[in-house]
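S.K.: could you work out the structure for the sequence below:
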Amino acid sequence: MKGFGHAVVKLRVPILVLAVLLLIPAAIGYLNTRTNYDILSYLPKEIETMKGQEILAEDFGTGAFSLIITEGTKDKEIKRMAEQMEQVEHVKKVLWYGSLLDVSIPVELLPSKYTDILKNGDAVLMIAIYDSTMSSDDTMQAIEEMRKITNDQTYISGMSAIVVDTKNLSDEEVPMYVLIASVLCLIILTVTMDSFLIPVMFLLSIGFAVIYNLGSNFIQGEISYLTKALAAVLQLAVTMDYSIFLWHSYTAEKEVSHGNKQEAMANAINETLVSVVGSSITTVAGFVALMFMSFTMGLDMGIVMAKGVIIGVICCVTILPSMILLLDKAIEKTTHKALMPDFTKASKWIVKHFYIGLILFAALIVPAYYGQSHNEVYYNLDSSLPKDLECIVASEKLQEKFNMNSTHMVLMDSNVDSKAVNHFADEVKKIKGVKSVVGLDSILGPMFPREIVPKKLQDILDNGEYKLIFVMSEYRVATDEVNAQCDAINEVLDKYDNSGMLIGEAPCTQDLIKITDHDFNVVNLVSILLVGAIILVVFRSISLPVLLVAVIEFAIFINMGIPYYTGTVLPFVASIVIGTIQLGSTVDYAILMTTKYKGARISGCGKKEAVENALAGSMASIIVSALSFFAATIGVGMYSRIDMIGALCSIMARGAMISMVVVIFLLPAVLRVFDPVIIRTSMGFRGVTRVEKEERQES
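M.R.: Predicted coordinates for the structure are as follows:
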């Protein structure tokens, strides 16, 4: 390990050349990594709704559809638009009341109950069916082309349209996330560091790491848009500490190396490597915990972020020191007095009044725990998007004109006879909130021969193996009402075809709710066990893992409890990932202070003095670290129009500050009160126990 620092110093120029050259394959990898904008596609493949989606794609040659509403448009114009849309690549068929019968048969022959479903006053409902899946690039491109064909009174709704608008908005905002986070971090570092240039170098070094990380995602094939949006910001937030530590070590080593900067940097690299590896392990553990989710977006985010932390460590001890040595003279010319005050007096006051932290803990723990366990979350994906997006306007128009908020699809065995299918449709229509049921058998009824329906439409609604039936619902996705409706439809379906499947956005979201409720408990437990195990190994202590994790969990309870008392509805992802990210990335504050406490205690300090020294020696680092995390995330939280991204960043920013306050005010009290337990349940404190016994005997 000792020779590593000298090797980096010796090879600093080749390292920088290689670092720049590696940006080329990283950029190519980034540009060729597909982004997945469909949250529901991360549901486990073995559940029934996902199997149904696969059957739609493989057997029907379709996996997606859109509901299109047009107002004040004559039949002739609707027919022209439908024909033009069907010419768009990957649009399989556009259904409207004028396409349900063969062109040679007058539309007037169609029963009014079906024209009423697809027409209301001057508003007409069309269904566009694609030969590609819901969130595929082909489907998204088809919707973009269809929007060019339609007039100003035509609106395209549905999950695929939501995916398109999410993509467009996310792609537009992501570069701004990086810019905002970088500028705010630069401001914080300029104030808290002792040089105007060194913060720029920190950002450049982390920028290399971010680009490498994003480029290496090519190996995964694709990443979620949420991971893509948060990766750079989170990597900046959680790895900034490593750069700060290297700089502080370097400046300290320069004072003892008598001006030998290369030797000082070599020693600083070695010291930093040991420290940041230990520090980064807890952060990696937090992201690894996400990989245990059944909802595989956790695996996606966990791999990318854990990899990002590891790459950040490597860049911190290779690229950053090479840059510092190369520009050392310029750095010295831009030095200034850091504005961070001395915290010795504040530390003494906090430790002396340690009971304040305990009182606050006692007062807040119950309401904090209650609040975080009773938060209201939303699962409806369009709830995270601005109301002026085309897909949201279309959804509102669908509800306004046809009193429809969601559409389910039923797959039934083609061998189920028409009479049974019609009985099924009649029963489903009686279920509360069901607006209508549309399938080949229900369109024809017993009086109409199959031949009057166009062959292409017949093939779409009955491919010889499965019958496809649309169920129009008044209820919004992810509500208790629509979930109860799905359960009722499944009960009816089992009577007529126990192998039948109910699929669509609402059933998928119902599965999402069940799965993520389970994932929340799994991820929290795994993150606590992993971080606790790391602390146990680091401190060789039984009590410290429990105490330190408990302190940060208290901060998490406060952070996640605030939305309950402010009436804020959170995106479902927040309730799962925030706890493990906050634990993994801010437990370092507690580990830093505890390390200094242990060192002071072993060196002969009494428990009160040891805690004072630990707090005084770590407070500045904790504050700078928390402010950097806050700066990297709060701007994105305020800027983003995608609530799922904005809410996550805002909560993480708040969590960093809450962890900072809790560690500074509560952890000293915990260390002081539990000092006798700590020294008896931790290795390395034996000398402390013996000395204190001798002191008591002498007194």
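S.K.: model confidence for Ser442, exactly?
M.R.: On the pLDDT scale, Ser442 is placed at 64.
S.K.: quick one: the strands in the protein?
M.R.: With strands called from DSSP state E, the chain shows them at 34-36, 64-71, 91-95, 119-120, 123-130, 154-157, 222-224, 377-378, 406-413, 434-438, 466-473, 501-504, 570-571.
S.K.: do you know which of these lies nearest Ile314?
M.R.: When the strands of the chain are compared by CB to CB, strand 222-224 sits nearest Ile314, at 20.6 Å. C-beta: built from backbone N, CA, C; applies to glycine.
S.K.: so for stretch 262-270, what's the average pLDDT?
M.R.: 90.
S.K.: who's in contact with Ile562?
M.R.: Gly371, Thr568, Arg654 (CB atoms under 8 Å, 6 or more residues apart in numbering).
S.K.: got the contact list for the first one?
M.R.: Just to be clear, that refers to Gly371. Here Gly371 is in contact with Phe557, Met560, Gly561, Ile562, Pro563, Tyr564, Tyr565 (CB under 8 Å, 6+ apart).
S.K.: with adjacent residues omitted, what lies nearest to the second one?
M.R.: This means Met560. Gln372 (3.8 Å; CB to CB, 6 or more residues apart in numbering).
S.K.: still on that earlier bit, tell me the one of the contacts of Ile562 nearest Ile431?
M.R.: Of all the contacts of Ile562, Ile431 sits closest to Thr568, with 33.3 Å by CB to CB.
S.K.: surely Ile310 is in contact with Ser280?
M.R.: Yes. Ile310 is in contact with Ser280 according to CB atoms under 8 Å; the separation is 7.2 Å.
S.K.: these two: who's more crowded?
M.R.: More neighbours surround Ser280 than the other of Ile310 and Ser280, with 22 against 17 (other CB atoms under 10 Å).
S.K.: run a quick neighbour tally on Thr633.
M.R.: If you count neighbours by other CB under 10 Å, Thr633 ends up with 29.
S.K.: rewinding a little: ok, the residue nearest to Met560 - contacts?
M.R.: Ile556, Phe557, Asn559, Met560, Gly561, Tyr564.
S.K.: can I get the residues you listed in a markdown table including distance to Cys605, pLDDT and neighbour count?
M.R.: Shown next, in a markdown table, are the contacts of Gln372 (distance: CB to CB, whole Å; pLDDT from 0 to 100; neighbours: other CB atoms under 10 Å):
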| residue | distance to Cys605 | pLDDT | neighbour count |
| --- | --- | --- | --- |
| Ile556 | 31 | 96 | 23 |
| Phe557 | 32 | 96 | 23 |
| Asn559 | 33 | 96 | 25 |
| Met560 | 36 | 96 | 25 |
| Gly561 | 36 | 95 | 21 |
| Tyr564 | 42 | 95 | 18 |
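S.K.: just the residues you listed now: which is nearest Lys419?
M.R.: Comparing those against Lys419 with CB to CB places Tyr564 closest, at 52.2 Å.
S.K.: for Ser575, see how far away that closest one is.
M.R.: According to CB to CB, to the nearest Å, Tyr564 stands 11 Å off from Ser575.
S.K.: kindly report the same for Thr509.
M.R.: For Thr509, the distance to Ser575 (CB to CB) stands at 15 Å.
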